[in-house]
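Peer 1: have a look; sequence and predicted model below, questions after that.
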Amino acid sequence: MSGLVFRQLFDTTSSTYTYIIGCAVTRLAAIIDPVYEKVSRDVKMVNELDLKLKYAMNTHCHADHVTGTAALRSATGCQTIISKASAAKADMYLNDNDIVKIGNLNLEARSTPGHTDGCMTFVLHSHKLCFTGDALMIRACGRTDFQQGDARKLYHSVHGRILSLSEDYSVYPAHDYQGRTQSSVREEKLYNPRLTKSEDEFVNIMENLGLKYPAKIDVSVPWNMRCGPTEVEDKEIMADIAANKPPA
Ligand SMILES: N[C@@H](CCC(=O)N[C@@H](CSS)C(=O)NCC(=O)O)C(=O)O
């Protein structure tokens, strides 16, 4: 990928993908959807790639893991970013169609609500990549039964803002639970078992997913509304997260 330094990292506990996107010329970088317990790994990787972290961003206020964005700011001096519509705390807030400049790279922020109101998909047109968070997953999509979940909104977000990209765009989600790493707009248009259906059928599927609530929802949402802990992988905080104890 000419001009781009790109890594996909995985957290086995929450099945979260974290992405590093770096400009090969200026060495400036952004990290998307970092996990609190993995911040040391991420800082090491950024350093080994000879990058300087400019932004730590979230696609949305996650409900299943605590974000590493504020800890990355403490460790590297980067700025934290989330959508304005998320109502979560950060240094910078994104609105629909905003562009995040990372050296010579331009990352477009597309509002894709439905899993939460503040969900954004980040699109790197120069390299035909999109980071879909929990809006579009591989052969799946984000659930719509809590936070501000709305299946009809999600259906229109995914069709209007993601599957409308050209078919050769690669799709990188925030999670996969079956070991898959990436997809494409073409594959999801053809094979997504939910989004290939009519809107009404999609709503029916989403109302009957029968998923348990994420184990860490009660600790993740309050932390993520404040950008996560500022301490880097603090043992007591990690023990509290493991014990489902929300921030004071
Ligand atoms: N078991 C996991 C939570 C799994 C889950 O609910 N995943 C979410 C995204 S994280 S809020 C989702 O939208 N899943 C959709 C799907 O079809 O799997 C846990 O306990 O954390």
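Peer 2: Done, it's in. Numbers count the residues shown, from 1 in each chain.
Peer 1: can you get me a residue count around the spatially closest residue to Val100 that is not a sequence neighbour?
Peer 2: Once flanking residues are discounted, Val100 sits nearest to Leu107: 4.3 Å by Cβ to Cβ, 6 or more residues apart in numbering. The C-beta positions use only the backbone N, C-alpha and C, and glycine is treated the same way. The number of residues packed near Leu107 is 24, by other Cβ atoms under 10 Å.
Peer 1: in whichever strand or helix holds Leu107, which residues are buried?
Peer 2: Element membership for Leu107 (DSSP states H and E) is strand 105-111. Buried residues in strand 105-111, counted by 16 or more other Cβ atoms under 10 Å: 105, 107-111.
Peer 1: can you check stretch 9-24 too?
Peer 2: So stretch 9-24, judged by 16+ other Cβ under 10 Å, has buried residues 9-11, 14, 16-24.
Peer 1: do stretch 230-247 as well
Peer 2: 231-233, 237, 240-241.
Peer 1: quick check: the farthest pair among these?
Peer 2: Val232 and Asp240 (15.2 Å; Cβ to Cβ).
Peer 1: out of the buried residues of stretch 230-247, who's nearest Val158?
Peer 2: Ile241 (30.5 Å).
Peer 1: in TSV, list the buried residues of strand 105-111 along with distance to the ligand and pLDDT.
Peer 2: Shown next, in TSV, are the buried residues of strand 105-111 (distance: Cβ to the nearest ligand atom, whole Å; pLDDT from 0 to 100):
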residue	distance to the ligand	pLDDT
Leu105	27	98
Leu107	22	98
Glu108	23	99
Ala109	20	99
Arg110	19	98
Ser111	18	98
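Peer 1: for these, work out which two are farthest apart.
Peer 2: Farthest apart among the buried residues of strand 105-111 by Cβ to Cβ are Leu105 and Ser111. That separation is 20.1 Å.
Peer 1: and the protein, which residues reach the ligand?
Peer 2: Residues of the chain found near the ligand (Cβ under 6 Å from any ligand atom) are 14, 63-64, 134, 140, 142-143, 175, 177, 211, 214-216.
Peer 1: now the buried members of these.
Peer 2: 14, 63-64, 134, 140, 142-143, 175, 214, 216.
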